[in-house]
Each structure stands twice: as C-alpha cells, then as structure tokens.
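> Only the shape, not the letters, is given here:
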DNA sequence: AGTACTATTGAACGATTGTTCAAGATCAAA
DNA sequence: TTTGATCTTGAACAATCGTTCAATAGTACT
C-alpha cells in the first residue's frame, strides 16, 4: 500500500470538488493519485466507491467543524468565523466556496445508488449538526427561543447554501462579508407569524 | 425544418435541466428531439451550440418573469407569487426547482467557452432584473430605502439561490412556504451597520 | 418543370469512457 | 527461505462519447 487512504482521498477530493463527478475521468484520477487502474479498483471497488469515500470524508470534516462551532463558548462569533473562513477562500481555489454536497446534488441523476445514499445520509448528518448549532445559540441566549430550533436550523442551512453558491459567482469579498452580517442580523430578527 | 427551433429548444431544456450538460448524451438528445445527428449539428453547430440556445431561452424567460414582478402594481405580492410558483413545483419535476444557471454552474469547468460566456451573461442579465425588482419595491414604498438597491438585489438573489436549492432537497412544501415568508420579512428588516 | 439551395438522414469515425485480469511485486508469518 | 495472501501493474476490453459527411429529401424561385 503505497499511499494511505487518507492522502488518496484528499487528492481525489480536490479533483471531484473542482470538476464534479462526471467530469473527472479515471485516467485523470490515475495520474493525480499516482496509481494504476487496477490498484484503484482493488482499493475502492469502482469510481463510484472512491467517490463515496470522498463524500464521507467531506461530511465528517464539516460535521466536526459545525460541532466545534456549537461547542464554542460564543457560538455566534464562532458561526461568523466559520462562515468567513468557508466563504472567503483563496482566489486560486474558489471552487471550495461551493459545498461539495450541493455541487454533487446537481449530478444526482448520474450517480449510482451507493453515492446517492451516501449523499443523502451526508445531508442528514450536516442538517443535524446545524440543529445542534442552533440549540447552542439558544442555550447561550445568543438568539431568542421564539421558534423551533429545527426550523431555524433549516433556515440557517438555506442561508449557507445560498451564500456558498453566491460566493462562487461574486468574487467581491466585501459584499460577501455584508451578506454574512445580514444573515446574523436576520438570525436574531423576527419570524413570520404562522397561520394554520 | 420539421420542428421549429422553439419546440426543439424546449425539449432540450427539459433534458439538460434534469440531468445536466455532461450527463445528456447526443444519442439521448437525438431520440428526445426526434432528430438525427446531422440535423442537430446543421442547426446548432454542436452540442455546445444547442446548450447555449437553451441557456439563452431560459434567461429570457426568467428575465421576463422578473420584470413582470417589477412592473406589478404590488411588487411584494408579485414577488411572493413568483417565489411560490418557482419553488413549489409538481412532485414529478422537482428538478425545475433548482435554477438551471446555478445547476450549470456546477459544471462550469466542463463547458466550452461559448457556454461559459452565455452563462455569465445570463447571470448578469438576471442580476439586473433583480435590481429592477428591488427598485420597484422601493418606489412602491414596499421596503425602506435604507440601502443601495444593488446591495439588496444581491441579497435577494442570494436568498433565491438558497431557496431554490433547498427546495430541491426538502420536499416539505410547508417549510418552503415558511422560508419564503421569512425572506419577505427579512427583506423589510434591518441591515447590518457598515463600518468602514 | 427545372434549377439552386437548404435541411435531413444514418452509417461511420476516432477518441475516450469505466472496468477487467493475468502477471508480477511486496510483505508477514512459519 | 518458503508459503500464502494481499496489493500493484499496465495492456486490453467493450461501450459510449461528440462529431462528420456523402447521399437523399425537401423547399423556393424562375
């Protein structure tokens, strides 16, 4: 085993994140990973299998980051920092501004069953992580407990998706900073009255 | 000319919207459009050329819809209706909830120069349409003129992107309705103080 | 009706796709 | 050092990719 799975998956993540699942060919992976086809297939079973590992590793990392935000003594500030570091990336790798899961969502019709399952499970995992962040925001009295934390978490996730995609287009970092602050304002702002 | 360009592009739009640019093969297009390869290439020059027409038609339609919102006597209500009809689509074609331009953005590395240019021009066109919507919202006193309309437009576009992607995942229409209302509340809400 | 031009057809092309597999290399245990 | 198991190699596979082009059909104008 020449390279450990960790470094292989990290290299593969870079490719898939930049180009998407379909656009990355096996030959491209072979040169990027410095591995021959049989070797890749023996370790990961298929291109799809390797992609699943990539998604899993990505979800794990992001879940860790979100839980770290939740466990921070000042969740609101930690959330701002998390947004800033995620949304304002170096100019030579702006593709990382887009969430890999959301990017993959655009290709969901082309994925095999394994990847599709891994993707939806990853979504659920991160959704729960967002819920925990919101619960800590409420517990630390950073925001009022007027709404269910699950609802706020969905909204926050929605904001995050929008911001990460928008940050991909804009390249105006100052505008992104403003949008982040607006999100933090709205997080503490009013919610629509629910009429049932 | 057996089919008019309009119906051909409409059929092609359906395919590209559902599966993405790369995932749609020429054979698939041939059967869906009921056209032979030479015929497609004679009319559209290439798969990329056809895709450009698809993007253009999509942008034109959405620009029209947005300007219709702007010209409405009650822009705020028209905006709500626009969001509702765009975000809550029949269950058998939920892929239409995602903006085709945003979906295409995930494949931007795989696009030819023509498509890339068409895409970025389309983004700019719709951005300007959003600016006009916001200007009318201000003119009709639906929202206060505390901020530059261009900034508000970016925020609104960001919300729209987030909502359309989120609506792709959720399948809980009631939650989407709530998120739309929250957006309309925040649209009239406070903005962060800009410290320069 | 005949000419000139455009549109359509469908077989075929070279390139690339993901994947396989027999052969060789590597390593741990006996 | 030999055995057995695991991992790596790289040529080769069938399938599919976007695209071409000579032949045919269709259309418009004189």
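Sure, I can see it. The structure presented is a predicted model; accordingly, all values stated were derived computationally and were not measured. Numbers count the residues shown, from 1 in each chain, chains lettered A, B, ... in the order given.

> and the residue of chain A found nearest DNA strand C, how many neighbours?
The nearest approach of chain A to DNA strand C comes at residue A:38, 2.7 Å away (CB to the nearest atom of the strand). Any C-beta I mention is one placed from the backbone N, CA and C, and that applies to glycine too. Residues near residue A:38, counting by other CB atoms under 10 Å in any protein chain shown, number 8.

> Whatever residue of chain A ends up closest to DNA strand D and residue A:26, how far apart?
Taking CB to the nearest atom of the strand, DNA strand D has its nearest neighbour within chain A at residue A:38, 2.3 Å off. As judged by CB to CB, to the nearest Å, residue A:38 and residue A:26 stand 11 Å apart.

> Also residue A:113?
Distance from residue A:113 to residue A:26, by CB to CB: 20 Å.

> Quick check: which element contains the residue of chain A closest to DNA strand C?
Using DSSP states H and E, residue A:38 falls within helix A:37-44.

> so what does that helix touch, helix or strand wise?
helix A:26-33, helix A:47-70 (3 or more CB pairs under 8 Å, 6 or more residues apart in numbering or on different chains; DSSP states H and E).

> mind listing what residue A:91 touches?
Each residue near residue A:91 by CB atoms under 8 Å, 6 or more residues apart in numbering or on different chains is listed here: residue A:171.

> again with residue A:134
A:143, A:149-150, A:152-153, A:156.

> hmm, try it at 10 Å
Counting by CB atoms under 10 Å, 6 or more residues apart in numbering or on different chains, residue A:134 touches A:70, A:75, A:79, A:142-143, A:147-157, A:187.

> so residue A:63 touches residue A:122, yeah?
Yes. Taking CB atoms under 10 Å as the definition, residue A:63 is a contact partner of residue A:122 at 8.7 Å.

> Neighbour count: the two, which is higher?
Using other CB under 10 Å, the more surrounded residue of residue A:63 and residue A:122 is residue A:122, with 21 against 17.

> Report the angle between the helix or strand containing that one and helix A:47-70.
Per DSSP H and E: residue A:122 is located in helix A:113-139. Relative orientation of helix A:113-139 versus helix A:47-70 (axes from the mean of the first three to the mean of the last three CA atoms, to 10 degrees): 0 degrees.

> Do any residues in helix A:113-139 lie close to DNA strand C?
No. Using CB under 7 Å from any atom of the strand, helix A:113-139 never reaches DNA strand C; the gap is at least 10.4 Å.

> same check, this time on stretch A:90-108
No. Residues of stretch A:90-108 contacting DNA strand C under CB under 7 Å from any atom of the strand: none, with a closest distance of 11.9 Å.

> Please identify the buried residues of that stretch?
A:94-108 (16 or more other CB atoms under 10 Å in any protein chain shown).
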